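K.L.:
using only what follows, build the 3D model:
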Amino acid sequence: MASKADKKGDGFAETIKTIVYALLIAGIFRTLFFQPFWIPSGSMKDTLLIGDFLFVNKMAYGYSRYSCPFGLCPFTGRILARDPHRGDVVVFRNPTNGEDFIKRLIGLPGDTVQMKQGRLWINGKEVPETPAGTFVEKYAPQGPMGNYPRCENAPVGEGADCEKTRFRETLPGGVSHDILKITDQGYANNTPVFTVPQGKYFFMGDNRDNSEDSRFAQDVGGVGFVPYENLIGRADRIIFSSAGRSLFYVWTWRADRFFKGIE
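P.N.:
Numbering: from 1, shown residues only. Modelled structure (predicted):
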């Protein structure tokens, strides 16, 4: 008959095994299907805010060397995959520095893309946009990096309203989404014509004057054109959002962003 000490030892061993199995399953699930992503910067405001936590669908476009390490992904991922669509919000591996970025897909292979006086042109046609009010946030440190937002109404004091003009942009194909603007001046708003090579994609942030994206060439530290194999997955839904310095500060979670769909 087993002693109480033996039973306690067996129970502890079973608990450890359960935890290990759970971690293994979670790791496999993350590797094969979904990857968590926490928004660290304001380049996608107001679609995505600093502190938004989401899962990236790694099966959306089929598996690549970045979305499926070690060749472990199932064949079904290739069956269920579709081509990237203009307007998708995508996580990809930055070709310049190897970091994971999240931006909106603007240009497909063969497209021409240009910014002229702050307006987006695709394939020689101006992309329509309509006024959509003003985006307002507090001028204060945001997220774990403590960066201050840029303001159209600058200079403003600590804790004051920081404003940006918001527009509703409708891309070819019908995807509509919000963008933010501060100015129509500068290189990012007046670019040369970019022709997207085959097998590559052109990305931009929705916060147009605060985004390091494909408008900036790789030889100057920008993103440039992104190869298909660098695509990790599509972002479809925010799980929750923290306005504080850490996602574990539950008292700073934004009540209106739980399970919010991403346009």
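K.L.:
I'd say Met115 and Gln185 touch.
P.N.:
No. Look at Met115 against Gln185 with C-beta atoms under 8 Å: they stay out of range, at 11.2 Å. (Glycine included, C-beta is placed from N, CA and C.)
K.L.:
out of those two, which sits in the more crowded spot?
P.N.:
Neighbour comparison, Met115 and Gln185: the larger count goes to Met115, with 21 against 11 (by other C-beta atoms under 10 Å).
K.L.:
all strands of the stretch 1-150 of the chain, in order?
P.N.:
Using DSSP state E, counting those that start in this stretch, the strands of the stretch 1-150 of the chain run over residues 34-38, 52-57, 89-93, 100-107, 112-116, 119-122, 125-126, 129-138.
K.L.:
any idea how far Asn207 lies from Phe55?
P.N.:
22 Å (C-beta to C-beta, to the nearest Å).
K.L.:
how about Lys164?
P.N.:
Taking C-beta to C-beta as the measure, Lys164 falls 28 Å from Phe55.
K.L.:
the more surrounded of those two?
P.N.:
In this view Lys164 and Phe55 are compared by other C-beta under 10 Å, and Lys164 has more residues nearby, 24 against 17.
K.L.:
relative to Thr96, how far out is Asp52?
P.N.:
24 Å.
K.L.:
more crowded one of these two?
P.N.:
Using other C-beta under 10 Å as the criterion, Asp52 and Thr96 rank with Asp52 on top: 25 against 18.
K.L.:
run through the residues that contact the more buried one.
P.N.:
Going by C-beta atoms under 8 Å, 6 or more residues apart in numbering, Asp52 touches 38-39, 238, 241, 257.
K.L.:
pick the one among these closest to Gly173.
P.N.:
Gly173 has its nearest neighbour among those in Ile238, at 23.1 Å by C-beta to C-beta.
K.L.:
name the SS class of that closest one, please.
P.N.:
strand (DSSP: H, G, I helix; E, B strand; the rest coil).
K.L.:
let's have the chain start at 52 instead
P.N.:
Got it, the first residue is 52 from now on, which makes the last one we talked about Ile289.
K.L.:
give me the nearest residue to it, chain neighbours excluded.
P.N.:
Lys311 (4.5 Å; C-beta to C-beta, 6 or more residues apart in numbering).
K.L.:
thanks again, I'm all set now.
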